[in-house]
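In: can't give you the sequence, but here's the structure:
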Ligand SMILES: [Zn+2]
């Protein structure tokens with residue numbers, strides 16, 4: 001397990017502290033893996049339960065601690081394991097993805113001193129007497145201003161998935177992280193809170209998103225691009241975060257530059273528009289949903305509307 005963490009934070013300059021932090025916070029626990037002399041299987045044992053005789057969790061028999069060769073790698077090895085809420089299946093039921101998403105908005109995206117974040121995870125919102133909807137993650141994001149009043153706080157709803165959906169195992173072997181019901185739920189939240197930002201965050205890499213997932217989220221993103229005149233903003237900007245963003249070690253622009261290609265191209269514009277969630281939505285929609293840049297999309301729509309009106313006028317004139 002330590003190796004997996006090392007791999008995930010390979011490029012992280014603070015990586016030596018990462019594992020220490022996990023131990024300090026009680027996310028992982030050190031124990032000893034022992035090979036059962038009765039059935040030959042390896043089992044993990046906490047330091048507290050080590051004794052002259054140890055019980056095998058598999059064959060249920062007791063076997064002797066390897067007193068003669070306690071350091072032989074054939075019989076024992078030190079091992080960490082996840083404990084408490086971190087040991088829940090499917091990567092703590094999306095808990096890691098949710099924590100990484102909060103970390104992304106607090107540390108990776110934008111400058112730390114210029115944004116303030118408040119968050120809440122796993123809330124059920126009562127929208128009406130018989131209308132409940134669950135949000136994995138709710139964030140309030142505020143950009144600070146040095147000289148003027150602070151910007152308006154943005155409300156963010158997040159759907160965070162580790163690699164797959166919650167009940168993925170029962171459904172099929174390789175399941176999508178984001179199912180239609182997840183997208184529908186986000187749409188209900190957006191309809192109730194116009195202007196709120198919707199985040200789909202997964203620990204998967206972009207290439208691992210299925211065509212179905214991309215189409216599903218893109219359809220919602222297109223709906224969200226509609227401009228609401230009274231609010232002077234779009235209906236529901238959709239942000240997609242993948243492993244690239246969630247595992248970024250320092251900043252978004254650095255992480256995107258490392259990916260190269262279109263990521264690197266967009267990264268060059270990040271510096272002057274950091275903290276702007278709507279622009280992040282626009283950029284990630286281009287990167288992960290194959291959508292046009294928002295400005296281009298809007299121009300085309302205006303152009304189309306203008307043509308229709310012209311044609312109508314021509315019809316009236318004749
Ligand atoms: Zn055994």
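Out: Cool, got the structure. Quick caveat, the model's predicted, so the values are computed rather than measured.

In: alpha carbons only for contacts and neighbour counts from here, please
Out: Will do.

In: can you point out the buried residues in the helix or strand harbouring residue 181?
Out: According to DSSP states H and E, residue 181 maps onto helix 180-192. Buried residues in helix 180-192, counting neighbours by 16 or more other C-alpha atoms under 10 Å, are found at 182-183, 185-187, 189-190.

In: other SSEs contacting that helix?
Out: Helices and strands touching helix 180-192, by 3 or more C-alpha pairs under 8 Å, 6 or more residues apart in numbering; DSSP states H and E, are strand 131-143, strand 154-161, strand 197-202, helix 211-224.

In: closest one to residue 230 among those?
Out: helix 211-224 (15.2 Å; C-alpha to C-alpha).

In: buried stuff in the closest one?
Out: For helix 211-224, burial by neighbour count (16+ other C-alpha under 10 Å) applies to 213-214, 216-218, 220-224.

In: and stretch 54-63, what's its mean pLDDT?
Out: Here stretch 54-63 scores 91 as its mean pLDDT.

In: quick one: is it near the ion?
Out: Yes - using C-alpha under 5 Å from the ion, stretch 54-63 reaches the ion at 56, 59.

In: and that stretch, how far out from the chain's middle?
Out: The chain centre lies 39 Å from the centre of stretch 54-63; the measure is C-alpha atoms, centre = their mean, to the nearest Å.

In: again, but for stretch 294-312
Out: Its chain's C-alpha centre and that of stretch 294-312 lie 35 Å apart, by C-alpha atoms, centre = their mean.

In: equivalent analysis for stretch 36-45, please.
Out: Centroid separation between stretch 36-45 and its chain, computed with C-alpha atoms, centre = their mean, is 37 Å.

In: check which residues of it are buried.
Out: Using 16+ other C-alpha under 10 Å as the burial criterion, the residues of stretch 36-45 that qualify are 36-37, 42, 44-45.

In: just those residues that are near the ion?
Out: Near the ion, judged by C-alpha under 5 Å from the ion, the entries from those are residue 36.
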